[in-house]
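K.L.:
give me a model of this one.
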Amino acid sequence: MVGACLNSVAGGGSFIGFPALLFTGVPAIPSNVTNNIAMLMGSVASGGAYRNRLDVSRRILVPLLTASLLGGLVGALLLLKTPAHTFLRAVPWLMLAATVLFIFGKKLARLRHLTVSHEATTTAILTTSLLQFLVSIYGGYFGAGMSIVILAMLAAAGMVDIHAMNALKSVLGVAVTGVAGLCFAFSRAVFWPQAMVMTLGAVIGGYFGAHFAQRLPQSWVRGFVILVGAGMTAYFFGKAY
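P.N.:
Have a look, this model is predicted:
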């Protein structure tokens, strides 16, 4: 529940869900897979709460969703073929880059003239979709902190409304974890009893967490995103090194 609430506000719910499964004795890869299944339902619930904040044209949303589905599929297949511990050593560096990108995203957008507004050029849409494809591979493979990375990418793409960013993040996150979840379900890597308990908490936490987030000033939510990103970075550095 706490992890899904965190996801709905700023991302990073796997920072709680994934270690919790590890502490209960679930192996690393099944922990990752089971956590992703549970967080999927939390993302669906938070996405429903943010539905009125989604303000993206179809010409932008369709390429981003396509990139999310393809990237999530590639990432899930990679996870099922390779040991997770080799990727864990790269996670803290990705989290550090994502947090820095989120902080300075507005300045990067002005420098690169990249935007996902309604007047976005075809080049800008293709570039943003390519970035989302890469983020989705990471999301399908490991998942922890994917929401932070998506928010960072959207900030670099010129979005400034944190609640609109959270709405689009929820939609893209559902696409990534949904296609990855189908792969995991067919692979029989999911620990279903744990997944069912976590899913119930994720739905409750995701929906009410999203409603609570919209009542907060944007500066508070942005600050919380940065705090979560820094905390995740420190945690994963300690875990990997």
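
K.L.:
quick one: the residue nearest the centre of the chain from Phe191, how far?
P.N.:
Nearest to the mean C-alpha position of the chain, by C-alpha atoms, centre = their mean, lies Ser147 at 2.4 Å. Distance, Ser147 to Phe191, by C-beta to C-beta, to the nearest Å: 23 Å. All C-beta spots, glycine's among them, are computed from the backbone N, C-alpha and C.

K.L.:
correct me, but the residue nearest to the centre of the chain touches Gly173?
P.N.:
Yes. Applying C-beta atoms under 8 Å as the test, Ser147 and Gly173 come out as touching, 5.9 Å apart.

K.L.:
any idea of the pLDDT on the residue nearest to the centre of the chain?
P.N.:
Among the per-residue scores, Ser147 holds a pLDDT of 76.

K.L.:
just the mean pLDDT for stretch 177-192, thanks.
P.N.:
Regarding stretch 177-192, the rounded mean pLDDT is 83.

K.L.:
now do stretch 27-47
P.N.:
When pLDDT is averaged along stretch 27-47, the result is 71.

K.L.:
what's stretch 93-107 in contact with?
P.N.:
Contacts of stretch 93-107 with the rest of the structure, by C-beta atoms under 8 Å, 6 or more residues apart in numbering, involve 108, 138, 145, 148-149, 151-158, 160, 225-226, 229-230, 232-233, 236.

K.L.:
what are the buried residues along it?
P.N.:
Residues of stretch 93-107 classed as buried by neighbour count (16 or more other C-beta atoms under 10 Å): 94-96, 98-99, 101-103, 105.

K.L.:
just those: which are in helices?
P.N.:
Those of the buried residues of stretch 93-107 mapping onto helices are 94-96, 98-99, 101-103, 105, per DSSP state H.

K.L.:
what confidence value was assigned to the nearest residue to Gly229 once chain neighbours are set aside?
P.N.:
Distances taken as C-beta to C-beta, 6 or more residues apart in numbering put Thr99 closest to Gly229, at 3.3 Å, once the chain neighbours are dropped. pLDDT recorded at Thr99 is 78.

K.L.:
same check on Ala20?
P.N.:
73.

K.L.:
filter the contacts of stretch 93-107 down to the buried ones.
P.N.:
Of the contacts of stretch 93-107, these count as buried by 16+ other C-beta under 10 Å: 138, 145, 148-149, 151-158, 225-226, 229, 232-233, 236.

K.L.:
the helices in the protein, which residues?
P.N.:
Taking DSSP H to define them, one finds helices in the chain at 2-9, 14-23, 28-49, 58-81, 85-88, 91-103, 105-112, 122-141, 146-156, 162-187, 192-213, 218-240.

K.L.:
worst mean pLDDT among these?
P.N.:
When mean pLDDT is averaged over each of the helices of the chain, helix 2-9 scores lowest at a mean of 51.

K.L.:
gap between the residue nearest to Val26 when sequence neighbours are not counted and Asn32?
P.N.:
Once flanking residues are discounted, Val26 sits nearest to Phe191: 5.5 Å by C-beta to C-beta, 6+ apart. Taking C-beta to C-beta as the measure, Phe191 falls 11 Å from Asn32.

K.L.:
can you check Ala164 too?
P.N.:
Going from Ala164 to Asn32 by C-beta to C-beta gives 29 Å.

K.L.:
same thing with Pro19?
P.N.:
To Asn32, Pro19 is 11 Å away according to C-beta to C-beta.

K.L.:
ok, these two, which is more surrounded?
P.N.:
Applying other C-beta atoms under 10 Å to Pro19 and Asn32 shows that Asn32 carries more neighbours, namely 25 against 16.

K.L.:
separation between the more buried one and Thr177?
P.N.:
Counting by C-beta to C-beta - Asn32 and Thr177 are separated by 11 Å.
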